[in-house]
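sequence below, structure please.
(chains A and B)
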2 protein chains.
Amino acid sequence: MSIGLRRVIEPAGVLPQAAWRLDADPEIAPDEVRIRVQRLNLDAASYRQLAEKHAGDGDAIRAEVLEIVETRGKMHNPVTGSGGMLIGVVDEVGPESPLAVKPGDRVATLVSLTLTPLRITDGLKSWDGLSEQVPAEGTAILFGRSVAGVLPDDLAPELALAVYDVCGAPALTDRVIRERKAATVAVLGGAGKSGSLTLAVARRAGARTKAVVRDEAERDALHAAGLADEIAIADARDPVAVSEAVGEPVDVTVVCVDVPGCEHGAILATAPGGTVIFFSMATSFPAAALGAEGLAADVTMLVGNGYVPGHADFAVDLLRRVPAVRALFEARIAAD
Amino acid sequence: MSIGLRRVIEPAGVLPQAAWRLDADPEIAPDEVRIRVQRLNLDAASYRQLAEKHAGDGDAIRAEVLEIVETRGKMHNPVTGSGGMLIGVVDEVGPESPLAVKPGDRVATLVSLTLTPLRITDGLKSWDGLSEQVPAEGTAILFGRSVAGVLPDDLAPELALAVYDVCGAPALTDRVIRERKAATVAVLGGAGKSGSLTLAVARRAGARTKAVVRDEAERDALHAAGLADEIAIADARDPVAVSEAVGEPVDVTVVCVDVPGCEHGAILATAPGGTVIFFSMATSFPAAALGAEGLAADVTMLVGNGYVPGHADFAVDLLRRVPAVRALFEARIAAD
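Residues are numbered from 1 along each chain as shown, chains lettered A, B, ... in the order given. Take a look at the predicted model:
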């Protein structure tokens, strides 16, 4: 089965993403691809949870990542429900695989680590546990119905991975702005990776952009990048503060802040008939649904789908064309 | 503040829905309304969780509901994150309230119990703990920005409450079908309350309807009601079974099953470019987002907003015009 059902150990009958445990055996089926892993990029919400739980103790964080992968056969944080992505080199391609990759290609997996069978063989000895970027050796498996992107020659692998990690956000935002003919767009977390790409795409689509950021440092960086028409500082978890920061409600609000509790501010910031796109894995479904209802807010709320056809090339193209976005990404990676 | 911030005790700064604890003091502010409570209608996901936890022991279920309300100042199930609704009689209307109600009106609150300050004064002595419908005495508070519906004269209060409880689903589904010009609609949980209303509205909007139900009894009831063009039996938590039951992928899939784990079946059942509307409070945001990504599924996923302007009248009108829907509702209420 091309969606990886044969890899599900328990519970039976669910898809790999919903499974508690996967079979990470490096032996591939005819429609599978094996990747020799080089680096994991942990989802921001997942890494944050681990870092907070272990108070920044790198050894403890590393031990827990290893334990999760060992136990579940995938890097699927059981608390946040999120994973991340990886890069590596294609090792073997099954004769029936429909993916456009060949042995030796350096690729990024564009599906979540929460459904990717993964085996770590080096004990993560080259990782200090203090960053989302995890040098790693081991094997990962891609199913028939999957997505992988060959890494571009002109970008450092870390940079490409960071872009691929959030590439659903600009592609979906672009589509929504065009479909809805949105004139104003607010981005919560506008200085981050998905946030800066989203601001860039919103402006290119012709919208007026408002960014909400955490602090002065983020404001200054974003101001220097020139990606937003307005920038305000507010705690995205404080709905009244967000609403005041955004001011006149906007047509589209995009949530790119990876902390819980940002649903209500986003709803309040959005005009009646407008759209909220949630890209944070820390989004609570009931908080969004019941919050909008409780506020009598007639807004369309989208679960940020990490897949839009062509999303990876779209985001890389945006990065190449907008130097300010590239500079923000490179600064983030350097600081990691 | 019209959104109830003065009622939030902890944590400070969040909206009432996100609060851990509300002040349920019956004394109202100038823009508030006090309701004399007659009946609570617990959210299906919430009641199911409580019933399973206590293995159907009515006394234990009642005790936990009382404890939740006492502790939180609202009926906000901390496990499911969901609440329900209530009916009662308007007791006092603050001079600055914008709501179109007057003392003596029999109303249903159309906002979730998760944000409604609630005090129970009768120990729920008239409730056996064995049904979602909870006779109750006490007081509830509505804020300025809120929604309440005066109960129609021609419907029993239990019936009106049951309709109001799910009235967001048919209104939003109708809008999506018309906007997207959808020709085919699948409803998971088609025999339930929101499911049957959704099927009725989909057919009225001109779509071909497919219902997925749990068992023969539901299939037979729905067949007799004549609301679906096709009916199949499948476990909504089994993605492959749902996909096979629906067959040719549809333009719009509506999830009306109040159990966790229905995200992936809904995604697989939906055609590329189609839309999934999640109305179940048991929906997992990461499971939906990462599941679609992992399946490379280009589907739009909507958080089912419980508020659409005019939704209550829309649903009641549908119930009046489609006797089969009314019969299904009345049978459900009688069986409760």
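
any idea which helix or strand in chain A has the lowest mean pLDDT?
Every helix and strand in chain A was compared by mean pLDDT, DSSP states H and E; the lowest is helix A:157-165, with a mean of 88.

quick one: distance of that helix to the chain centre.
Once both centres are worked out by C-alpha atoms, centre = their mean, to the nearest Å, helix A:157-165 turns out to sit 11 Å from its chain's centre.

so it, near chain B or not?
No - contact between helix A:157-165 and chain B is absent, the nearest approach being 11.2 Å (criterion: C-beta under 8 Å from any C-beta of the partner chain). From N, CA and C alone the C-beta is placed, and that goes for glycine too.

give the next helix or strand downstream of that helix.
helix A:168-180 (DSSP states H and E).

can you give me the buried ones in that following helix?
Within helix A:168-180, the residues that qualify as buried by neighbour count (16 or more other C-beta atoms under 10 Å in any protein chain shown) are A:168-177.

who does the lengthiest helix in chain A touch, helix- and strand-wise?
Ranked by number of residues, the top helix in chain A under DSSP state H is helix A:58-72. With contacts defined as 3 or more C-beta pairs under 8 Å, 6 or more residues apart in numbering or on different chains; DSSP states H and E, helix A:58-72 has these neighbours: strand A:21-22, helix A:44-53, strand A:118-120.

make a markdown table from those and add distance to chain B to it.
What follows is the helices and strands packed on helix A:58-72, written out as a markdown table (distance: least, C-beta to the nearest C-beta, whole Å):
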| stretch | distance to chain B |
| --- | --- |
| strand A:21-22 | 12 |
| helix A:44-53 | 9 |
| strand A:118-120 | 14 |
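
between these, which one is nearest to A:Gly274?
Proximity to A:Gly274 (C-beta to C-beta) singles out helix A:44-53 among these, at 24.9 Å.

need phi/psi at the closest residue to A:Val93 other than its chain neighbours.
Distance criterion C-beta to C-beta, 6 or more residues apart in numbering or on different chains; nearest residue to A:Val93, sequence neighbours excluded, is A:Val33 at 5.1 Å. Here is the backbone geometry of A:Val33 (degrees, to the nearest 10): phi -130, psi 140.

any idea how far chain B is from A:Ala202?
In this structure, A:Ala202 and chain B are 18 Å apart, going by C-beta to the nearest C-beta, to the nearest Å.

near chain B, which residues of the stretch 101-250 of chain A?
Residues of the stretch 101-250 of chain A lying close to chain B (C-beta under 8 Å from any C-beta) are A:110-112, A:114-115, A:145-147, A:168, A:237-241.

of these, which pair is most distant in space?
In terms of C-beta to C-beta, these reach their longest pairwise distance at A:Arg145 and A:Val240, which sit 43.8 Å apart.

output the buried residues of helix A:168-180 in a markdown table; the columns should cover pLDDT and distance to B:Glu52.
Compiled in a markdown table, the buried residues of helix A:168-180 are given as follows (pLDDT from 0 to 100; distance: C-beta to C-beta, whole Å):
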| residue | pLDDT | distance to B:Glu52 |
| --- | --- | --- |
| A:Gly168 | 94 | 35 |
| A:Ala169 | 96 | 37 |
| A:Pro170 | 97 | 42 |
| A:Ala171 | 97 | 40 |
| A:Leu172 | 98 | 36 |
| A:Thr173 | 98 | 40 |
| A:Asp174 | 98 | 43 |
| A:Arg175 | 97 | 40 |
| A:Val176 | 98 | 38 |
| A:Ile177 | 98 | 43 |
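
which among those gets closest to chain B?
Each of the buried residues of helix A:168-180 was scored against chain B by C-beta to the nearest C-beta, and A:Gly168 proved nearest at 6.8 Å.

contacting residues for that closest one?
When contacts are counted by C-beta atoms under 8 Å, 6 or more residues apart in numbering or on different chains, A:Gly168 touches A:279, A:304-308, A:311, B:293.

please repeat the previous calculation with a cut-off of 7 Å.
Contacts of A:Gly168 were listed using C-beta atoms under 7 Å, 6 or more residues apart in numbering or on different chains, and they are A:304-308, A:311, B:293.

quick one: contacts for the closest residue to it other than its chain neighbours?
Spatial nearest neighbour of A:Gly168, excluding adjacent residues (C-beta to C-beta, 6+ apart): A:Gly306 at 4.0 Å. Listed by C-beta under 7 Å, 6+ apart, the contact set of A:Gly306 reads A:112, A:168, B:289-290, B:293.

mind redoing it with 8 Å?
For A:Gly306, the residues meeting the contact criterion (C-beta under 8 Å, 6+ apart) are A:110, A:112, A:168, B:289-290, B:292-293.

max pairwise distance over those: which two?
Using C-beta to C-beta, those span at most 13.6 Å, a distance reached by A:Leu110 and B:Ala289.

who has more neighbours, these two?
For A:Leu110 versus B:Ala289, the count of surrounding residues by other C-beta atoms under 10 Å in any protein chain shown is larger for B:Ala289: 28 against 22.

what's the helix or strand for the more buried one?
Applying DSSP H and E as the criterion places B:Ala289 in helix B:285-294.

and that helix, anywhere near chain A?
Yes - against chain A, helix B:285-294 shows contacts by C-beta under 8 Å from any C-beta at B:285-294.

which residues touch the closest residue to A:Gly310 other than its chain neighbours?
By the measure of C-beta to C-beta, 6+ apart, the closest residue to A:Gly310 outside its immediate chain neighbours is A:Ala171, 7.0 Å from it. Remark: with contacts taken as C-beta under 8 Å, 6+ apart, A:Ala171 is in contact with A:201, A:308, A:310-311, A:314-315.
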